Structures are given as structure tokens and as C-alpha cells.
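> Sequence first, then the predicted structure:
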Amino acid sequence: MKKSENIIKFIYLPLFLMTVVSTGCQKQEVNSKPPNVILVITDDQGYGDMGYHGNPNVKTPTLDAFARESVRFNDFHVSPVCAPTRSSLMTGRYSLRTGVRDTYNGGAIMASSEITLAEILKKINYKTGIFGKWHLGDNYPSRPTDQGFDESLIHLAGGMGQVGDFTNFFKKETSYFDPVLWHNNEQKPYQGYCSDIFTDQAIDFIEKNHKEPFFCYLSFNAPHTPLQVPDKYYQMYKDTDLSQGIDPTLLPSSPMSEKNKEDARRVYAMVSNIDDNLNKLLQKLKSLGIEENTIVIFMTDNGPQQPRYLGGMKGRKSSVYRGGIRVPFFMRYPAKYKGDQDMDQMAAHIDIVPTISELCGAPLPTDRTIDGRSFLPALRGETLANRSFFSYWTRKFPEMYNNIALQKGDYKLVGKTDFDAPIGEFELYNLRKDPGEQVNLLMQHKEKATVLKKEMDGYINELGRSKNLVNPPRISVGTPHENPVYLNRNDAGGERGVWSQENIFSYWKVALEEGEYNLKFKFVKPIPQGGKMSLELGQRIHQKNNAQEAVDELEWQNISLPQGSFDFTPFYSKGRSRYFPFWVQITRVN
């Protein structure tokens, strides 16, 4: 295994180099057309969840070989959690600019005004497809098909079987098997294991479109919880000693519980399944003769959710320490870049759009701030100018100064303190000398910390005023683009932490067209008889008594609703209890 700290100089090949390659019995003139782009991202797979990064207990032969064939970005950063990472990945912008501030609670809907990588490439005649996890809005106008994707096969919300994914939620421990997915916005049942389904459908998309440039976004929901995996893969790990062959100083500082160990075994099993699927994908490129002229990227969206080997880094998913935001990133493009190279300059998710746009010859939007930059100059051996990288994570907006960080050059300032804390309560790390963030240098470098804090405050002020936060995205109801509309729990705002509770008060932000509607309210469990169903829309309130026996669904027919932007607030009340629907189906009938 090559150490991630090794520095290898790059060999630069001009963008339009013409090469003839032989793949099987086919010959192809490489770069006579723009490159194909395949972006593979996994969910909650940590930096240490592969053999190439020093973990002898997980079997990832395809991924390890791919890493050796690729340009390896050894200092690549993302957001601490998934939806923010995905919004930045699609737009080149910090997630707060896009309206994405959370993974649920109404904060994982990206504004439709955002311009995605799919839209950028579609303008230069790429075919575009997404397969797997989107997590940036399940309703018009924020679905993948509304944001530049020609073909879309996704599950809803942030995780298959989570509350927002109501088509699979009630399957509980089998939600990853034989799921109901959404193909081009229509529900459709599939047979098999989710990661296999997404890969097979991505391969089908590639086969149909490989004669023209294409962009394929293969976005696995694994190894995110629930940790469901085919038994054949679990059997590979059921007796694995997770500490075998690993330097104890690189393992979690606190002993792993038996549940932690079992979770890790299941994660490794899910990763091995992904590894096999990656092999199928790469073999298909070879058989189609398009391997040379296809950019293939592998990355993950954040650090691991559960404690396990992480290469000695501090923190996990949701943390601004490196264990939460430093992830694998491998890019293979044989027609342009020699493989087995290390890129040690800092790069991030916000850089993908500018970089891919440059490689494909697609112009970037000029009417908005693009926070990222192309890292192609670094691949030509140039030293990129120091720039700042802002990180935060809470369930709402950036908190002063809680779980927040600013990295610039070798130094990183971390806030895990109060809004009025003096500078001495912050943390300062030299990442070049201390990649594990173990030695707080704040007291030795107060002046540098003060400068970084001032810049951090600037990011908080600027991003916190983003128009898509001030006026958050709304779900459009009553348009011809989506009928019926399903409002799911992932996008419900109101009380923080709304999930699968029965007694909770919440709402959905909607933009409603005037018309007549049928409404169906679905509850987690049967509601008690003799209560009252209410719907609040601004100053208009509809209410109806329920004389039925205990049921888990109520329906209203031919209800006239007004036009406007509202907090759509339904609840069933009896006594002091108020029951919030699990989902609402809204069908416009006139």
C-alpha cells in the first residue's frame, strides 16, 4: 500500500491528445468527443473502509486496484453529513447557498434555481442519469428530472426505509431488498438488493448511451443504516476480528462495544458488495471500448457513522474534525492522466463542478458565486493558491461557535464552544504536522487563530444570509408537473427532530395553486376515534370531526384550496394530543 502522504509529481497530457487504443476487438480514437463522466459515491463509507487505506479486514480488491490506477486525492474534503455534501457536489457551491441546511426537518430541499452538474453537461448534449440516492428534494421542482437528469431511478429522502421513504418504510428490516423505487417519478417495484439494482440500471443506461457523451451519477445508499446486506456477504465477515493487523493507535480511542463490532462487520459486508458492483461497472466500460475516454470518480459523502478503523483521524460523521470530512477521492481518466499518482494539495466537493466542466468543455454559470475551483492546474504540477474551506454542522444554521471550522493552508481553526467564547477556547491545528488533530496550538498562535476567526465570522454572515435560506424552497402543489403530490416526513419542518413520532406538531412549506383537491392523510398508527382532523393554510382552517373507528388513513374529497405560499399544517387532535400525518397525498381534481 502506498502511503497517502507520498508526493509524486504528475505527468501532464494535453486535453485534446489523440490516442488510438485497442479494447478487445474494438478500436477507438480517444478524445475525438468529450469524455464520459461516471461519478460513484457511497453513503457513510469512511476513509478507512477499504483495504487501500490500511484496513486488512475489509475485502475491496476492485476498489484497491482502482485506487492504484487513479489519481488519488489525499486531502479531499466534504461536508460532515450527506445532503449538504450532495448539494455542493452538484453545484460547486456551499450547501447553505443552495437552501440545504439539514438532512431532514425540511432542510434537505435544494432550490430549483440552482444549476447542477447534470444541467451544465446537458447543455452540451450529454445524456444524464442518476441511480440511487438524490436527497435534495422529492417533489417538483427539486427532483432529479427537474434538475437536469434525463433518467432517474432513486429512493426517497435520505435513506431507503427511513420515514421519508414511505414506499419502503413499513418493510422495516427488509427495506433494502425488493424495494419500491421511483423511476422517472413513477413508483415501480424491483427485485433484488438495492446496490445491485442501482448498478445494473446504471450499466443499462451506459449501454444505451455510450455512443454519445454521458454523465452517470451512481449514488449508493449503502453502507448507510439500516445495515442490511445479502447473507453471502455477511458470511465473509461474521467471525472477523476487527483489530487484527491494525496498529492499535489507529483504532478508536474508546473500546468498541459488541454492537459496534457487529455494525462494522455489516458495513464491511456492504462495502464488499459495492466492490463487486464496481467491478461489474468497470468491466462494462472495457467491453464497450470506452474505458480510455471515460472519467470515473469514486468518493464517499462523509465519515463513518459508527466507530471503527479510520486511519487514526479524530471524529466521525457529523463532525468537522477530519474523521468527519476527509474522504477517499480517486479519479481515473486514462486518456489524459497517467494512473498511480498522488495529489496532495487540498481539494473539496465544491471543486467537482468546476473541474468536470473544464474537462468536458462546458461553461460554468456566470450569474452566481461558484465557491469551488478547478483542480486541473494542480494535476499539471502547479501549486494552487491557499484558500479557505468552511465547515459546520448543526440541524439548522451555523451556530456561533459550535461544531464549526475554517481551514486555510496548513492551519485549521475549530470551534466547539459558546457564542461569546474568547479566542483561547477555540482549537488550532497544523494539519501538515498533525494530521490527526491531536495538538491544540491555539495558545502558541493566538494571532493566527484570531485572523482565522475573523474570516470564519465572514463566512457565517455571508452564507447565513443566502437568499435560499431566507426564502427556503417550497414544494409546488397543483401543477401539471406532479399530480398527485406526496408530502413525506423528511421534508416536514416545524418541530426539530420530527421523525416517526405520532404526537408532534409540524408542517410542510408549499406553493399552492388554486383548485379542487382530494386529500389523503396517512398516520403511523391508527388514530383514536372521536377526534377532529384539521388543516391550516395561513388564515384558512379546514376541520372535520371523525366518527369512524380507529383508522390510519383519513380522506377528504373535493376540497377547494386557495393559491399562495403556505405552511401546510395538518393534524388530528383528540383531547390534548395532536397527531401529525406520516404522509399526505394531495391530488388536484380540478
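Received, thanks.
> From now on I want contacts and neighbour counts done on CA atoms only, so please keep to that.
Will do.
> so what are the domain limits for the chain?
19-379, 388-469, 475-588 (automatic domain parsing).
> measure the shortest one end to end?
In this case it means domain 388-469. 22 Å (Cα to Cα, to the nearest Å).
> so how far is that domain from its chain's centroid?
23 Å (Cα atoms, centre = their mean, to the nearest Å).
> picking that back up, which stretch among the domains of the chain is buried most, on average?
domain 19-379 (a mean of 21; mean count of other Cα atoms under 10 Å).
> Could you check how far that domain is from the centre of its chain?
Distance of domain 19-379 from the chain centroid (Cα atoms, centre = their mean) equals 8 Å.
> what about it, average pLDDT?
Taken as a whole, domain 19-379 carries a mean pLDDT of 95.
> please renumber so the chain begins at 484
Sure thing, new numbering starts at 484, so read that last one as domain 502-862.
> Kindly provide the distance from Leu771 to Asp687.
When distance is defined by Cα to Cα, Leu771 is 12 Å away from Asp687.
> those strands in the stretch 634-783 of the chain, which residues are they?
Under the criterion DSSP state E, counting those that start in this stretch, the stretch 634-783 of the chain carries strands at the ranges 634-638, 663-666, 669-672, 697-702, 777-783.
> Sheet-wise, list the partners of the third one with their directions.
Applying DSSP bridges, strand 669-672 is found paired with strand 663-666 (antiparallel).
> Pull the residues that contact the strand it pairs with.
Here strand 663-666 makes contact (Cα atoms under 8 Å, 6 or more residues apart in numbering) with 634-639, 650-651, 670-673.
> Repeat that for stretch 956-966.
582, 592-595, 622-624, 968, 991-998, 1048, 1069-1071.
> Equivalent analysis for stretch 726-740, please.
537-540, 790-796.
> Output stretch 719-739 as PDB, nothing but the C-alphas.
Extracted C-alpha coordinates of stretch 719-739, given in PDB (Å, rounded to 0.1, in the frame of the first residue of the first chain):
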ATOM      1  CA  MET A 719     -17.500 -13.200   4.700                       C
ATOM      2  CA  TYR A 720     -17.200 -11.200   8.000                       C
ATOM      3  CA  LYS A 721     -19.200 -12.900  10.700                       C
ATOM      4  CA  ASP A 722     -16.100 -14.000  12.600                       C
ATOM      5  CA  THR A 723     -13.800 -11.200  11.700                       C
ATOM      6  CA  ASP A 724     -11.500  -9.800  14.400                       C
ATOM      7  CA  LEU A 725     -11.700  -6.100  13.500                       C
ATOM      8  CA  SER A 726      -8.400  -5.200  15.200                       C
ATOM      9  CA  GLN A 727      -6.300  -7.900  13.500                       C
ATOM     10  CA  GLY A 728      -3.300  -6.400  11.700                       C
ATOM     11  CA  ILE A 729      -4.000  -2.800  12.700                       C
ATOM     12  CA  ASP A 730      -1.800  -0.600  14.800                       C
ATOM     13  CA  PRO A 731      -3.800  -0.100  18.000                       C
ATOM     14  CA  THR A 732      -3.100   3.700  18.000                       C
ATOM     15  CA  LEU A 733      -5.100   3.900  14.700                       C
ATOM     16  CA  LEU A 734      -8.200   2.300  16.200                       C
ATOM     17  CA  PRO A 735     -11.000   4.300  18.100                       C
ATOM     18  CA  SER A 736      -9.700   5.600  21.500                       C
ATOM     19  CA  SER A 737     -12.600   4.100  23.300                       C
ATOM     20  CA  PRO A 738     -13.100   0.300  23.200                       C
ATOM     21  CA  MET A 739     -15.700  -0.800  20.600                       C
END
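> Show me the strands in the stretch 884-1033 of the chain, by range?
885-891, 894-899, 910-913, 958-960, 968-971, 991-995, 998-1010, 1015-1020, 1023-1028.
> And the ones you listed: which comes nearest Tyr1062?
Closest to Tyr1062 of the strands of the stretch 884-1033 of the chain, according to Cα to Cα: strand 998-1010, at 7.7 Å.
> The closest one pairs with which strands, and in what direction?
Here, using DSSP bridges, strand 998-1010 pairs with strand 1034-1044 (antiparallel), strand 1066-1071 (antiparallel).
> Nearest approach to Arg748 belongs to which of the ones you listed?
Here strand 1066-1071 is closest among the strands paired with strand 998-1010 (Cα to Cα), at 34.1 Å.
> where's the nearest residue to Lys655 once chain neighbours are set aside relative to Phe652, distance?
Residue nearest to Lys655 in three dimensions, not counting chain neighbours: Gly644, with 6.6 Å by Cα to Cα, 6 or more residues apart in numbering. Using Cα to Cα, Gly644 is found at 4 Å from Phe652.
> before we move on, what about Glu1019?
For Glu1019, the distance to Phe652 equals 27 Å [Cα to Cα].
> How about Lys616?
In terms of Cα to Cα, Lys616 sits 15 Å off from Phe652.
> again with Trp982
12 Å.
> Next: Val520.
33 Å.
> try Ile729
Per Cα to Cα, Ile729 is found 38 Å from Phe652.
> and what of Cys843?
Distance from Cys843 to Phe652, by Cα to Cα: 40 Å.
> hang on, the earlier thing: columns secondary structure on top of the contacts of stretch 726-740, output as TSV?
Below are these laid out as TSV (DSSP: H, G, I helix; E, B strand; the rest coil):
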residue	secondary structure
Gly537	coil
Asn538	coil
Pro539	coil
Asn540	coil
Pro790	coil
Arg791	coil
Tyr792	coil
Leu793	coil
Gly794	coil
Gly795	coil
Met796	coil
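> wait, which of these is closest to Tyr894?
Met796 (15.9 Å).
> so where do the helices sit in the stretch 584-733 of the chain?
600-605, 649-652, 677-692, 714-717 (DSSP state H, counting those that start in this stretch).
> Distance to Gly898 for the ones you listed - can I get that in a markdown table?
A markdown table is the format used below for the helices of the stretch 584-733 of the chain (distance: least, Cα to Cα, whole Å):
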| stretch | distance to Gly898 |
| --- | --- |
| helix 600-605 | 32 |
| helix 649-652 | 37 |
| helix 677-692 | 37 |
| helix 714-717 | 40 |
